[in-house]
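Asks: everything below, folded, please.
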Amino acid sequence: MIKYTLKCEHGHQFESWFESANAYDKLFGAGMVTCSVCGTLGVEKSIMAPRVQTSRERPAKGPLSQPASPAEQALAEMRKKIEAEAENVGGNFAKEARKIHDGEAPERSIIGEAKIDDAKALIEDGIPVVPLPWGRNKRSN
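Replies: Down below sits the predicted model:
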């Protein structure tokens, strides 16, 4: 794995991991490397200083992961707010959304999962739903 610092034509700087230098070149050549903030294709490698750890250095202890950009931070905050305020109805999302729309269940914010066909049917029937821009949390137990 190799980590590159990348910069887009709009000045956004971000880091990204690639399987190898060749993998980066292949993805870049195919137009698949985009800015993580604005989505532009105008991305290039930025100047980076190598990070070599000596045996005397110990990595600083801290959180495992932090949002790398303002966009990622905003997304994390939005997710936290939505998950705190909405009821998770799991796999019953389409059925529950339809009940709320038809007045058969109390009006409230819900989140959950729906098959693509069920989600399309909700939209076609004028029931307002949107996909959330993150995957579901998988629990190991």
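Asks: show me where the chain has its strands.
Replies: Remark: strands assigned in the chain by DSSP state E are 2-8, 13-18, 43-45, 87-90, 110-112.
Asks: so which of those strands gets nearest residue 72?
Replies: Among the strands of the chain, the nearest to residue 72 by C-beta to C-beta is strand 13-18 (8.9 Å). For the C-beta atoms, the positions are set from N, CA and C on the backbone; glycine is no exception.
Asks: returning to what we had before: now render the strands of the chain as CSV, adding mean neighbour count, distance to residue 125 and mean pLDDT.
Replies: Shown next, in CSV, are those (neighbours: other C-beta atoms under 10 Å; distance: least, C-beta to C-beta, whole Å; pLDDT from 0 to 100):
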stretch, mean neighbour count, distance to residue 125, mean pLDDT
strand 2-8, 16, 40, 89
strand 13-18, 15, 40, 88
strand 43-45, 15, 40, 90
strand 87-90, 14, 18, 94
strand 110-112, 17, 16, 94
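Asks: contacting residues for the nearest residue to residue 115 once chain neighbours are set aside?
Replies: Closest residue in space to residue 115, ignoring its immediate chain neighbours: residue 94 at 7.4 Å, by C-beta to C-beta, 6 or more residues apart in numbering. Residue 94 makes contact with 114, 115, 118, 119, 121, 122, according to C-beta atoms under 8 Å, 6 or more residues apart in numbering.
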